[in-house]
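Asks: This is the structure alone, sequence omitted:
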């Protein structure tokens, strides 16, 4: 960091190659200047030193990402004016607009969209609209909808803005989304719909609002239950009363009445039946995912594995999702699934291996070597893991060697330029 302080006071004394490889952690001097709102330092680095304005850190973040993360509107405006890419994506596919939605202010969103930011850019968290809903940024939700943001865009995690508004219990956002054309029956997964989740929460106002908007009260979830059954299971008498006249009679419930539904879901065998249905669906979706994987239909395999995951949070299924994304050369998506796998099973060798494979795709060879080494420690006799560790280590050495060569070439070039000027 002393080097950067030196930069701020004695800019003219440092050459271009110093800046390219001046790091604070995994960020360059330009990242640091943007992060801290040093517009004049950014100006010097871009215009005098000719640094790449869209240089990325190890996580794919550009200086514009950092300016948006830290609410530095003036710096963001300068970078955009100089041609920074408003749609640059991190390894988790987040654009500067995603960061602006998280942190604000509204004028930063307006600036990015005016400069061409993709309003429906899809990241692991969904679109900027979905993220605004999650963060409870109602002004941002309204603004994005006014700019024709898609209220029905589905993320890789099989979620979407309307479902998120119910999950975070934000009635105002839910109304805004429905008014803008959000589909109350959007089924990106068999896990749940907004109505099913509202019933699960016993959130009566949301149940009424969604039904009024046309939500289907007969949707059946992965556990075989309709919204009225889950409302009864959660003890919501009012929820059951609202749903009862709109729900088709369920043949397995002998006494089709409000009291009869409560008695049925609270039977001693009910929980076992629910678990059995979940297990049946889990095995079905998992087998379909495996069949699709063997056909090399990786996108369909991911869909089926996601369905299985919503029946049971199984580390092996998430490991398979990571493998599918790796086969599609999507390192960021593979890494997200690998991290999820690791959180489900922290001591599982394959979780570390999946992380290592994803880091290799992202060319973060030092991180890959660390992940493979952790896996290797668990099974020192595993030749495949040992080989992966050695390949990652060698790749990191080659990467560092290439970077050193680049520094030397640029230093020599700058020296020649200086001599010719004299």
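Replies: Ah, there it is. All values reported here derive from a predicted model rather than from experimental measurement.
Asks: State the distance from the residue nearest in space to the middle of the chain to residue 330.
Replies: The centroid of the chain falls nearest to residue 124 when counting by CA atoms, centre = their mean (1.9 Å). Applying CB to CB, to the nearest Å, the value for residue 124 to residue 330 is 11 Å. In short, each C-beta sits where N, CA and C put it, glycine included.
Asks: Is it correct that the residue nearest to the centre of the chain is in contact with residue 92?
Replies: Yes - taking contacts as CB atoms under 8 Å, residue 124 lies within contact range of residue 92: 4.8 Å.
Asks: what residues do these two have in common as contacts?
Replies: Listed as contacting both residue 124 and residue 92 by CB atoms under 8 Å, 6 or more residues apart in numbering are 332, 336.
Asks: Kindly check the end-to-end length of stretch 222-229 for me.
Replies: 13 Å (CA to CA, to the nearest Å).
Asks: For residue 275, give its distance to residue 281.
Replies: Residue 275 is 11 Å from residue 281, by CB to CB.
Asks: between these two, which one's more packed in?
Replies: residue 281 (21 against 12; other CB atoms under 10 Å).
Asks: for the host helix or strand of that one, packing partners?
Replies: Residue 281 is part of helix 270-294, with elements assigned from DSSP states H and E. With contacts taken as 3 or more CB pairs under 8 Å, 6 or more residues apart in numbering; DSSP states H and E, helix 270-294 sits against helix 298-311, helix 315-327.
Asks: could I get those helices as JSON lines with distance to residue 75 and mean pLDDT?
Replies: Shown next, in JSON lines, are the helices and strands packed on helix 270-294 (distance: least, CB to CB, whole Å; pLDDT from 0 to 100):
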{"stretch": "helix 298-311", "distance to residue 75": "38", "mean pLDDT": "88"}
{"stretch": "helix 315-327", "distance to residue 75": "34", "mean pLDDT": "95"}
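Asks: would you list the ones you listed in a markdown table and tack on mean neighbour count and distance to residue 374?
Replies: Output for these, formatted as a markdown table (neighbours: other CB atoms under 10 Å; distance: least, CB to CB, whole Å):
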| stretch | mean neighbour count | distance to residue 374 |
| --- | --- | --- |
| helix 298-311 | 22 | 24 |
| helix 315-327 | 23 | 15 |
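Asks: is it possible to export the ones you listed to a markdown table including distance to residue 54?
Replies: Shown next, in a markdown table, are those (distance: least, CB to CB, whole Å):
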| stretch | distance to residue 54 |
| --- | --- |
| helix 298-311 | 29 |
| helix 315-327 | 24 |
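Asks: nearest to residue 337, of these?
Replies: Of all the helices and strands packed on helix 270-294, it is helix 315-327 that lies closest to residue 337, at 3.7 Å by CB to CB.
Asks: So what touches the next helix or strand after the closest one?
Replies: Once helix 315-327 ends, the next helix or strand along the chain (criterion: DSSP H and E) is helix 331-344. Contacts to helix 331-344, defined as CB under 8 Å, 6+ apart, come from residues 60, 90-93, 124, 156, 313-315, 318-319, 321-323, 325-326, 348, 350-352, 354-355, 357-359, 361-362.
Asks: Repeat that for stretch 56-65.
Replies: Contacts of stretch 56-65 (CB under 8 Å, 6+ apart): 26-28, 30-31, 33-35, 42, 53-55, 69, 76, 79-80, 84-86, 88-92, 94, 96, 99, 332, 364, 367.
Asks: Can you give me the end-to-end span of that stretch?
Replies: 9 Å.
Asks: residue ranges for the helices of the stretch 101-250 of the chain, please.
Replies: 106-114, 128-134, 138-146, 161-167, 171-179, 194-201, 204-212, 227-233, 237-243 (DSSP state H, counting those that start in this stretch).
Asks: The third one - what's its average pLDDT?
Replies: Looking back up the chat, that one is helix 138-146. If you average the pLDDT over helix 138-146, you get 96.
Asks: Same question for the second one.
Replies: Taken as a whole, helix 128-134 has a mean pLDDT of 94.
Asks: shift numbering so it begins at 11
Replies: OK, 11 is where the count begins now, so the last one is helix 138-144.
Asks: Which positions within it qualify as buried?
Replies: 138-144 (16 or more other CB atoms under 10 Å).
Asks: What of the last one?
Replies: Taking 16+ other CB under 10 Å as the basis for neighbour counts, the residues of helix 247-253 that come out buried are 249-250, 252-253.
Asks: so what secondary structure elements neighbour it?
Replies: helix 214-222, helix 237-243, helix 268-275.
Asks: Find out how far it is from the centre of the chain, if you would.
Replies: 35 Å (CA atoms, centre = their mean, to the nearest Å).
Asks: Could you list the residues in contact with it?
Replies: 209, 212, 214, 217-218, 221, 227, 237-238, 241-242, 268, 271-272.
Asks: Also the fifth one?
Replies: Residues from elsewhere that reach helix 181-189 (CB under 8 Å, 6+ apart): 143, 146, 148, 151-152, 155, 161, 171-172, 175-176, 194, 204, 215-216, 219-220, 223.
Asks: how does it look with 7 Å?
Replies: Applying CB atoms under 7 Å, 6 or more residues apart in numbering, the external contacts of helix 181-189 come out as 143, 148, 151-152, 155, 161, 171-172, 175-176, 194, 215-216, 219, 223.
Asks: got it, and the second one?
Replies: With CB under 7 Å, 6+ apart as the contact definition, helix 138-144 has outside contacts at 107-108, 111-112, 129, 131, 135, 150-151, 154, 159, 161, 165, 169-171, 174-175, 178, 180, 183.
Asks: Show me how to select, in PyMOL, the buried members of those.
Replies: The PyMOL command for the buried members of the contacts of helix 138-144 (criterion: 16+ other CB under 10 Å) is given here:
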select buried, resi 107+108+111+112+129+131+135+150+151+154+159+161+165+169+170+171+174+175+180+183
